[in-house]
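[1] Dropping a prediction and its sequence here:
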Amino acid sequence: MTSAERARVLVLQVVSVLALLGIWEGAARAGWVDPLFVPAPSAVVGAFGRIGPSALAGLADTLAKTAVAYVLSVVLGVSLGVAVGSVRVLREVSGPFVVAAYGMPKILVLPWIVLILGFGTAPAILYGTIHGLFPILVLVMGGVRDVDRTLVTVARAFGASSWQLYWKVLLPAIVPTVLAGMRLGIVFCLLGVLIVEMFAGVRGMGFVMGSLANGFQAPELFAATALVSASSIAIVLALDSLNNRLSRWR
């Protein structure tokens, strides 16, 4: 895509967002929506000033816990995915259990986590790790399983060691799969941390949003939601940029 095409796409995206906000503002001012539940964008912008310090402090706390959970989920998911996916016996034995655990609603284990670890940071990190682990694990397992066996056969024919086989053949082949899992994983980790903060936390952005919702502070709640959404989008775009850089390594 040329620079002119990128600029055209960016302009269309900005115009689309501004048009949507304009329609939203007009509908709110015309009384077509209840401001108690759907405030106007101008009211949401004003709410940023009222919740700014507490929201930013809560967001920083949430992102710190998400970062720890994300690192754990990526390390565990990629390493276990490569190990299980590359060993046929492990894949056949544990694969169905992994898929079953992935399909199980993770909210079912939250009461047990809170019962064992109590309230605070530890349950948020653990639950966020569990939330982000399984998408990465399942994708990496599938990516390793689907690697072209011809590449492996040729590498072995040229005398490649097991370490060279993993580093030169397997890992470059699964880079797109790993990056796709990482993009999913960060969203799931953030979701898991927010859930714990809302229902079993004493601080963090989820706790702030839960307090605003219980107080029927719709503009402030929309502002906090926009802040979390913007942070999540920025992180995903950063991972997309990382994907583009690592594609050259492949």
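    Noted; the coordinates are in hand. Residues are numbered from 1 along each chain as shown.

[2] C-alpha from now on. contacts and neighbour counts both.
    Fine.

[3] Show me the shaky parts of the protein.
    For the chain, residues meeting the criterion pLDDT under 70 lie at 1, 148, 151-152, 155, 158-164, 246-250.

[4] what are the ranges of the helices in it?
    Using DSSP state H, the helices of the chain run over residues 3-29, 41-86, 88-103, 110-117, 121-145, 149-157, 162-164, 171-173, 175-200, 205-214, 218-249.

[5] Would you reformat those helices as a markdown table and include mean neighbour count and distance to residue 35?
    Output for these, formatted as a markdown table (neighbours: other Cα atoms under 10 Å; distance: least, Cα to Cα, whole Å):
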| stretch | mean neighbour count | distance to residue 35 |
| --- | --- | --- |
| helix 3-29 | 13 | 7 |
| helix 41-86 | 19 | 9 |
| helix 88-103 | 13 | 38 |
| helix 110-117 | 15 | 34 |
| helix 121-145 | 25 | 33 |
| helix 149-157 | 13 | 59 |
| helix 162-164 | 12 | 61 |
| helix 171-173 | 18 | 52 |
| helix 175-200 | 23 | 24 |
| helix 205-214 | 20 | 14 |
| helix 218-249 | 16 | 8 |
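
[6] in this structure, which residue is closest to the centre?
    Nearest to the mean C-alpha position of the chain, counting by Cα atoms, centre = their mean, stands residue 187 at 1.4 Å.

[7] nearest residue to that one other than its sequence neighbours?
    Spatial nearest neighbour of residue 187, excluding adjacent residues (Cα to Cα, 6 or more residues apart in numbering): residue 232 at 7.0 Å.

[8] now residue 136
    Sequence neighbours aside, residue 181 is the residue nearest to residue 136 in space, at 4.3 Å (criterion: Cα to Cα, 6+ apart).

[9] same check, this time on residue 33
    Nearest residue to residue 33, sequence neighbours excluded (Cα to Cα, 6+ apart): residue 27, at 6.5 Å.

[10] thought that neighbour was touching residue 34?
    No - the pair residue 27 and residue 34 fails to qualify as a contact (Cα atoms under 8 Å) at a distance of 9.7 Å.

[11] gap between stretch 186-203 and the chain center?
    Counting by Cα atoms, centre = their mean, to the nearest Å, stretch 186-203 is centred 12 Å from the centre of its parent chain.

[12] Show me the contact partners of it.
    58, 61-63, 65-66, 69-70, 110, 114, 119-121, 123-125, 127-132, 204-210, 232, 236 (Cα atoms under 8 Å, 6 or more residues apart in numbering).

[13] Kindly report the same for stretch 116-125.
    By Cα under 8 Å, 6+ apart, stretch 116-125 touches 65-66, 68-69, 113-114, 192-194, 196-197, 200-203.

[14] Span of that stretch from start to end?
    Its first and final residues considered, stretch 116-125 spans 14 Å by Cα to Cα, to the nearest Å.

[15] Repeat that for stretch 210-226.
    End-to-end distance for stretch 210-226, by Cα to Cα: 15 Å.

[16] what distance separates it from the centre of its chain?
    22 Å.

[17] what's the answer for stretch 194-207, then?
    Chain-centre distance of stretch 194-207: 17 Å, with Cα atoms, centre = their mean.
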